[in-house]
Every structure is written in C-alpha cells, then in structure tokens.
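**Student:** Give me a 3D structure for the following:
(one chain, ligands or ions: 1)
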Amino acid sequence: MIKSCVIGWPIRHSRSPIIHGYWLKKYKIDGSYDRKPVEPNALQDFIAGLTSAGFTGCNVTIPHKEAVFDLVKADDDTTRRIGAVNTVYVRDGLTHGTNTDGEGFIRSLLQSAPDFSIVHKRVMVLGAGGAALAIVNALLEQGAREVAVANRTIERAVDLRSRFGNRITPISWEKIADNLSECSLLVNTTSLGMTGQPELDLDLRRLSDRAVVSDIVYTPLRTQLLKNAADRGNTVVEGLGMLLHQAVRGFSLWFGTIPEVTPELYDIVARDIDPAHQ
Ligand SMILES: NC(=O)c1ccc[n+]([C@@H]2O[C@H](COP(=O)([O-])OP(=O)(O)OC[C@H]3O[C@@H](n4cnc5c(N)ncnc54)[C@H](OP(=O)(O)O)[C@@H]3O)[C@@H](O)[C@H]2O)c1
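**Tutor:** Predicted coordinates for the structure are as follows:
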C-alpha cells in the first residue's frame, strides 16, 4: 500500500484527506492518505523519518511550509523563489519538496474565468503572507504587467518587491479602493472574510465590472467580498477551486495517476464545508 498524509499543527480541519480519499477510490489505488498532527519541534524528525514510517510523501500546511523548505531538496525554480513547500515526495531515497499553490490558483482562476488572460494586466493582491508569495510569483510567471500588493503591514509588501522586483507595487492598506480602477483582477489572500475572522470591508465602486474577483478563503465557500462582486456583475472565483487544483500534482507524484478535479469532487468537499451546499 502507498501511504501519504498531510502534516500541520493543528491539522484536524484539513479537507485534503477528503480530496485524496476521493481520488484513491475513483482510480482504485491501494493507498492511504491521513491527517498527521506534527508539532513544530517534532517536524525535523518527522521529515527525516518519512520513508522509515512507510510514507512516499506528504502535504505540508500551516505553520510548517517555510520550515520544511529548509529540510528537503527543492528542485524547481518556483519553489526556490517562494521559499516554502506544500508537497513532499521521496525519489531514490532523497526527500524532495515542491510548491503547488501557485499552479492551483492559476488553474482554478482559468476554470472559473476561461476568457481571462493575465498577460500584460494590472492585478491587485490583498495580503503578503505565505499564500500571497505563491500567488504573486504565479501571476508574474503568467505575464502580469504589474502586481499591486496591499498589506496591513506594509513592510511585508515592500519585502515582496525586494524578492520579486519592480513589477510589484506596494500599496498601503488604506489606499486599496483608490487603486482599484485599473485592475483586471483582484485577489484576496488575507484571512479576512474567513469564518470566525473579521469581514473584508472593501468599497468596490472603482473596480471595473469586467474585472475578475478571486478570494482564496474557502470557509465560507462564497465570502462577502465575492457576493458583493457578483452582485455588481464581476466574474468571481471561489477559494475551494485552488484547494482542489493544488492537490493534483501531489497525488500524481505519490500515486502515479494524474487525477481529475470533477464537479462531483467539488460538491463533496463543498458539502463538508457547508452542509446546505446544493
Ligand atoms: N484556497 C486555498 O487553497 C488556500 C491556500 C492557502 C491559504 N488559503 C487561505 O488564505 C488565507 C491566508 O493564508 P496564509 O497562509 O497566507 O496566511 P498568513 O501567512 O498568516 O498571512 C495572513 C495574511 O492576512 C493578513 N491579515 C490577517 N489579519 C488581518 C486583518 N485583521 N486585517 C488585514 N489583514 C490581515 C496578514 O496581514 P499582516 O501581514 O499585516 O499580518 C497577511 O497578509 C487563509 O484564510 C488560508 O485559509 C487558502
């Protein structure tokens, strides 16, 4: 049996076992995928003992993504630029790490907004945390002309410019609404709007009604930001799509099959988040 898992601290809310469990069943693979709570001070030993514990790899979530980067061989440029790992896999006795958050975001975006092209566009990203790093990098790789990054702690947005170069424009949190008029895409990567967190209170009046609005928060499935944007006619992209698409490459690395993100899978995970989901 091929074994994988997701590690984090805490880990009980992770939906990844539902996603990988669905694919293992669908493709009739003799494998398992579990949640493993790993405390920060046990992380190094867990990664070093991955193979001897019978695992072919694992997913990595909060708060371990940056720490795992230093414990594995990061062999692609994207992962090295981001400095964080969400997928670990073992090959020829060596433990490798990669990051699939950016590709998950882009695939979800293009699935929900198939006519949208990022090339030469101005984009606004709210937030400069771990998820923002992967998304900003992906937007630049896809050819965005400018990525305006607004963050409550402006220094973190300035750090992104130092890391990624002058296509990043740091914006202070109070100036978001003033900077929306030329944006083709608005992405929330902060935790605002998540169940249990304060709402993201944003005046969208200056945003073009042709702009695409994306929120990577997926509890609730449709945040207030997305409801407000949809009400004024913007195409919206829900965060659950990114979660499903970022899982594809890990499954394929561990279990040898490229899995499909199906509407049935979307509905299963969506119902776990919101039992009223139709
Ligand atoms: N859909 C997916 O697949 C996916 C993947 C990864 C993450 N996520 C979601 O994305 C969100 C962020 O995750 P992360 O890993 O990037 O977290 P993180 O590294 O902790 O970053 C959190 C970000 O939110 C901002 N923030 C938090 N509270 C705020 C407030 N009250 N006002 C303004 N800004 C605030 C932080 O600003 P400061 O820098 O000022 O603290 C920072 O930019 C979470 O909700 C997570 O569940 C979704």
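**Student:** So which bits of the stretch 101-250 of the chain are right by the ligand?
**Tutor:** Contact residues, the stretch 101-250 of the chain versus the ligand (Cβ under 6 Å from any ligand atom): 101, 104, 127-132, 151-153, 156, 189-192, 194, 198, 216-218, 239, 242-243, 246. From N, CA and C alone the C-beta is placed, and that goes for glycine too.
**Student:** Which members of the residues you listed are classed as buried?
**Tutor:** By neighbour count, with 16 or more other Cβ atoms under 10 Å, those hold 101, 104, 127-128, 130-132, 151, 156, 189-190, 192, 194, 216-218, 239, 242-243, 246 as buried.
**Student:** In helices only, show me these.
**Tutor:** Per DSSP state H, helices hold the following members of these: 101, 104, 130-132, 156, 239, 242-243, 246.
**Student:** For the residues you listed, give me JSON lines that also has distance to Q224 and pLDDT.
**Tutor:** Below are these laid out as JSON lines (distance: Cβ to Cβ, whole Å; pLDDT from 0 to 100):
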{"residue": "D101", "distance to Q224": "23", "pLDDT": "97"}
{"residue": "G104", "distance to Q224": "23", "pLDDT": "98"}
{"residue": "G130", "distance to Q224": "23", "pLDDT": "90"}
{"residue": "A131", "distance to Q224": "19", "pLDDT": "94"}
{"residue": "A132", "distance to Q224": "20", "pLDDT": "96"}
{"residue": "R156", "distance to Q224": "24", "pLDDT": "97"}
{"residue": "G239", "distance to Q224": "13", "pLDDT": "98"}
{"residue": "M242", "distance to Q224": "18", "pLDDT": "98"}
{"residue": "L243", "distance to Q224": "19", "pLDDT": "98"}
{"residue": "Q246", "distance to Q224": "24", "pLDDT": "98"}
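**Student:** who are the neighbours in contact with the closest residue to the ligand within the stretch 51-200 of the chain?
**Tutor:** The minimum distance from the stretch 51-200 of the chain to the ligand, using Cβ to the nearest ligand atom, falls at G129 (2.0 Å). G129 makes contact with 156, 189-190, according to Cβ atoms under 8 Å, 6 or more residues apart in numbering.
**Student:** Understood, closing this out.
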